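[1] Everything below, folded, please.
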Amino acid sequence: MRIRSLAKHALALPALTLGLLLVLSGPAAAEETWAVRSGRTTIHFNTPLLRDLGVEVTDVAGTLPRPVDLWIEGPNWTFPIDESSDLGFRTLAGVVVPGGITGGAIRHGGEFAIVSTQNGARTEFKAPEIAYVDPKVYSSDLPINPSLIFRSGGDASPITYELHDSMFRFDRDTRVLRIHYLSFRVSESWAKEMGRPDLAGWFVGNADVTAEVELVAQVGTEPAPYEPNFSNGILDVALGILSSIRQSGHEGVFPTGRTGLTMSTTSCNLGTVDVPWLAPMLEDHPLIHMALYRLLNGRFEQVGVSWMKHGFFALSNSQCTPCQNPSGGQFLGVGCSDTYGTTNNEDRNYLGPRSEVDPYQGTWECTASHFAGGQNDCVRRHGGGGHGVVDHRLEVQDLDLNNTDATYYYEGYYVVRGEQLKENNWASRICTMSWNGSVWQFTTPGTNNPHVYGPALNRWGDQRTTVNVAVGDGEVLLAVATTDLGGGMYHYEYALLNKDSDREIRSFSLPVVGVPGITNLGFHDNDANSGNDWQVTLDGSTVSWATDTYAQNPNANSLVFGYQFNFRFDAAAPPAAVNAALGIFKPGTGSSVEAATTGPLNSVTGVPGSPTVAQARLLPARPNPFAGSVTIPLELQSTAAVRLDVYDAAGRLVRTLREGNLAVGSQDVVWDGKDSGSRQVRAGVYYARLSAGETVAVQPMVLVK
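    As a prediction, this is how the structure comes out:
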């Protein structure tokens with residue numbers, strides 16, 4: 001189980017003598033002390049991050065072949081555990097006690113060096129060791145004092161890394177201890193010694209230990225084994241602690257590059273039943289969503305989102321409430337807490353696509369999954385290799401971070417099978433960041449920054465509406481904010497979050513019959529691909545944004561769970577109560593659902609959304625996309641003065657195609673892809689805009705080379 005080493009986890013019993021080996025037989029004792037004697041330790045360093053920080057690993061010698069059962073990403077190096085090792089730990093009923101390290105060290109053969117590429121400073125690690133230090137004695141101005149540290153061999157060597165968030169998994173039958181995710185955080189003292197105080201506090205790698213152990217002492221007798229209770233109670237897993245967002249990788253050149261982020265999340269079992277916490281390829285385990293939002297100029301936008309983190313081991317800490325039923329990692333006991341640190345949550349060994357998850361049911365299937373390599377079975381083939389430094393992590397564009405006037409919120413969300421109280425599965429906090437010339441440095445302010453439950457979108461908007469998408473499916477959250485621009489103009493800003501709908505959303509529509517002056521239509525999603533943006537249509541009665549139907553493209557850019565899209569426009573009409581129509585993406589009972597919101601008042605009838613006949617409308621352009629010319633069909637219900645314009649994606653007038661009176665009926669207008677000066681325009685998205693009295697209709701067109 002993972003050792004957090006908080007002050008409250010100080011040892012309750014004195015350390016037992018490790019050299020005393022008792023030869024015992026029979027069942028396991030209630031309390032036992034063990035010592036590490038041999039095995040291997042594999043160390044992973046986030047070398048791309050180290051490179052960005054101006055540090056490199058070099059001169060690695062004496063390593064073993066890479067193990068096949070690692071829980072951590074590459075690159076990594078495996079060192080043999082020396083027989084002089086004596087790290088001791090306590091168990092109760094065969095489960096490692098939180099805070100139960102009794103002393104000693106895991107000592108290794110081999111060596112390597114860490115070099116600062118900025119100033120040439122070098123630290124050599126000869127016979128490196130993972131050692132215990134008393135957290136009461138060792139002091140650090142970092143938030144948590146560890147009990148395990150990493151350094152070059154010998155008590156006189158300086159502490160290089162403080163080790164946090166580790167997972168202790170013990171098998172008494174085989175007498176093997178596995179320690180997963182011993183996260184390496186740079187100590188303040190070593191950073192100063194290297195002449196690099198800027199490195200203090202950075203998580204730069206982790207270790208995976210497989211150790212053979214000896215029994216050295218036992219007290220008491222074996223109690224009756226605890227049988228976990230997975231039913232007959234309330235299942236309630238809360239995101240109890242959210243902290244420590246940081247960069248884990250960067251790609252490209254600032255300020256046009258992209259950044260991969262990670263964060264630390266702590267789940268807490270606040271219910272009355274235990275929760276299964278099995279690893280892939282076993283299916284009954286929780287998943288973690290991570291996202292980042294930006295509030296800027298009144299717009300609350302999601303600027304990044306991660307793949308889903310698959311949980312695989314539950315700790316038995318007591319960070320929220322007292323842990324009642326400690327486990328060996330296979331379940332989260334009632335009252336127990338489980339922390340996944342930043343190095344754990346960034347590991348692509350356990351990041352999988354959302355498309356494999358039913359968020360409403362909280363289920364995931366291993367058959368033909370990402371981890372199975374897409375093959376029709378549950379054999380794990382794919383790990384954390386073969387990815388870029390940003391791939392699958394919480395990916396954000398530099399341009400979306402580089403806004404000094406913005407407020408940023410990071411969010412976590414636990415998806416749990418059978419969850420009964422879902423609102424506390426979410427939480428968000430404010431963070432700040434700055435670019436120091438090579439990396440993004442993130443800070444979570446300690447004051448006026450509470451841990452707020454629920455989706456981050458709950459923090460924004462004049463009105464918020466939660467809607468169930470369909471029977472047997474989850475919910476979406478729609479928020480709106482309106483702004484009086486003066487001169488009779490109003491701005492309408494909408495944010496739509498898919499909380500846990502598996503059927504997803506493909507369109508968003510509002511009634512705008514008789515609403516004049518609709519301009520500045522916009523859309524925002526969290527990627528940098530304008531080619532998959534939802535296309536806007538203004539047909540005289542509704543304004544709609546939509547992507548392809550499921551029948552047209554099952555892989556269309558629909559609004560999947562955990563994602564948020566934004567829609568916006570200006571109108572010469574004050575706000576009033578309206579219903580938005582949300583089109584459902586995946587097939588099933590019902591094709592749309594309504595959500596109460598705020599929209600522009602119908603200036604003709606004075607009633608929001610009252611039906612009137614549009615004077616004119618545009619039909620879909622053909623062909624679309626087009627390479628040479630495009631035909632724009634239009635229909636008029638009566639003879640009227642009309643104007644047909646082409647605008648570019650930035651809202652600039654490109655060319656007026658028709659202006660004057662047109663007769664009732666249908667006609668086609670051809671645009672040859674040239675502007676008003678007969679110059680060929682560039683490839684991109686353009687909009688045909690038809691005005692006829694109070695009716696305005698808009699259709700998108702895509703010009704390709």
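[2] how about the helices of this protein, start to end?
    47-53, 188-193, 342-345, 398-401 (DSSP state H).
[3] Out of the ones you listed, indicate the one that is most buried.
    Scoring these by mean neighbour count under mean count of other Cβ atoms under 10 Å gives helix 342-345 as the most buried, with a mean of 27. For the C-beta atoms, the positions are set from N, CA and C on the backbone; glycine is no exception.
[4] ok, and what's touching it?
    Residues outside helix 342-345 that contact it (Cβ atoms under 8 Å, 6 or more residues apart in numbering): 46, 165, 181, 183-184, 203, 205-206, 244-246, 248, 262-265, 288, 290, 309, 350.
[5] Kindly report the same for stretch 388-406.
    The set of residues that contact stretch 388-406 without belonging to it, under Cβ under 8 Å, 6+ apart, is 48-49, 248-252, 254-263, 290-292, 294-297, 303-307, 346, 348, 351, 408, 433, 435, 440, 528.
[6] Make a ChimeraX selection of the buried ones in these.
    When burial is assessed using 16 or more other Cβ atoms under 10 Å, the buried subset of the contacts of stretch 388-406 is captured in ChimeraX by this command:
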select :48,49,248,249,250,254,258,259,260,261,262,263,290,291,292,294,295,303,304,305,306,307,346,348,351,408,433,435,440
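[7] In strands, which of the contacts of stretch 388-406 fall?
    Where these overlap with strands, as defined by DSSP state E, the overlap consists of 248-251, 258-263, 290-292, 294-296, 303-305, 351, 408, 433, 435, 440.
[8] Report how many residues lie close to the closest residue to residue 57 other than its chain neighbours.
    Using Cβ to Cβ, 6 or more residues apart in numbering and skipping the chain neighbours, the partner closest in space to residue 57 is residue 45 (5.2 Å). Close neighbours of residue 45, defined as other Cβ atoms under 10 Å, add up to 22.
[9] Surely residue 45 is in contact with residue 56?
    No: Residue 45 is not in contact with residue 56 according to Cβ atoms under 8 Å; the separation is 9.1 Å.
[10] follow-up on the earlier one: which one of the helices of the chain lies closest to residue 357?
    Comparing those by their distance to residue 357 (Cβ to Cβ), the top pick is helix 342-345, with 16.3 Å.
[11] for that closest one, what is the average pLDDT?
    Confidence over helix 342-345, taken as the mean pLDDT, stands at 95.
[12] do stretch 504-516 as well
    In this model, stretch 504-516 has a mean pLDDT of 94.
[13] cool, and stretch 404-420?
    Regarding stretch 404-420, the rounded mean pLDDT is 96.
[14] from the middle of its chain, how far away would that stretch be?
    Distance of stretch 404-420 from its chain centroid, counting by Cα atoms, centre = their mean, to the nearest Å, is 8 Å.
[15] What residues of it count as buried?
    Residues of stretch 404-420 classed as buried: 406, 408-417, 419 (neighbour count, 16+ other Cβ under 10 Å).
[16] Distance across that stretch, terminal residue to terminal residue?
    For stretch 404-420, the first and last residues are 40 Å from each other (Cα to Cα, to the nearest Å).
[17] do the same with stretch 667-680
    24 Å.
[18] That stretch: which residues count as buried?
    Residues of stretch 667-680 classed as buried under the neighbour-count rule (16+ other Cβ under 10 Å) are 669, 671, 673.
[19] residues in contact with the second one?
    Just to be clear, that refers to residue 671. For residue 671, the contacting residues are 629-630, 632, 646, 655, 657, 688, 701, by Cβ under 8 Å, 6+ apart.
[20] quick one: which of those is nearest to residue 493?
    When these are compared for distance to residue 493 (Cβ to Cβ), residue 688 comes out closest, at 24.8 Å.
[21] got a list of what residue 413 touches?
    Neighbouring residues of residue 413 by Cβ under 8 Å, 6+ apart: 239, 288-291, 425-427, 455, 562.
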